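In: Based on what follows, work out the 3D shape:
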Amino acid sequence: MNRSYEYWENQFLHEIAIEYGFEFKSQEYLVFKARMLLKNILLSNPELLKQLDEEQGGNNYFTNNMIADCWSRKIYPTLEAHGFQEERKAEKVRKWLQQQIFPEYIKNIQLQTKIELWQELLTKAEDAENLLQIVKQK
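Out: Below is the predicted model of the structure:
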């Protein structure tokens, strides 16, 4: 099973947002998830706001200061209540999520299908075969 952050990022951020109390599709949920996605690292708040607006139908539903307001009023306090103790910067939150929260999250991922179970078994077998090849060469 692929256990990389990049592979699980979308599902991880969704589940963390819900677990931390950001109501699905609420402004806080949308802003948190959009800002934490690796693909959005380089986007400024206005660019991210435009992207969010387009994803929601392009109705200019969001105010110009919505992103900053969501982070300062709801998201940072919620993260701090869950153990985040760094400087209030998106990069610090992303690092905390990846290094502190994700490793525990991925441990609890259950394989869902028979194909995933077989893929996990095949990966372990290939790893064992590679190990045997290395030992034989020595």
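In: Spit out the contact partners of the residue lying closest to Gln98 once chain neighbours are set aside.
Out: Spatial nearest neighbour of Gln98, excluding adjacent residues (CB to CB, 6 or more residues apart in numbering): Tyr5 at 5.4 Å. Using the backbone N, CA and C atoms, a C-beta is placed for each residue, glycine as well. Counting by CB atoms under 8 Å, 6 or more residues apart in numbering, Tyr5 makes contact with 12, 98, 102.
In: Give me the neighbour count for Gln99.
Out: Look at Gln99: counted by other CB atoms under 10 Å, it has 10 neighbours.
In: just the one 5 residues further on next, same as before
Out: The criterion is other CB under 10 Å. On that basis, Glu104 has 8 neighbouring residues.
In: Can you name the helix or strand that it falls in?
Out: Using DSSP states H and E, Glu104 sits in helix 102-107.
In: Same check on Gly57?
Out: Gly57 is part of no helix or strand, with elements assigned from DSSP H and E.
In: circling back to that earlier point, so which elements touch the helix holding Glu104?
Out: helix 5-19 (3 or more CB pairs under 8 Å, 6 or more residues apart in numbering; DSSP states H and E).
In: about what we covered before: would you format the contacts of Tyr5 as CSV with distance to Ser72 included?
Out: Listed next are the contacts of Tyr5 as CSV, based on distance: CB to CB, whole Å:
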residue, distance to Ser72
Phe12, 24
Gln98, 22
Phe102, 24
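In: Save those residues as JSON lines, and put in pLDDT and neighbour count too.
Out: As requested, the contacts of Tyr5 are exported to JSON lines (pLDDT from 0 to 100; neighbours: other CB atoms under 10 Å):
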{"residue": "Phe12", "pLDDT": "96", "neighbour count": "20"}
{"residue": "Gln98", "pLDDT": "97", "neighbour count": "16"}
{"residue": "Phe102", "pLDDT": "96", "neighbour count": "19"}
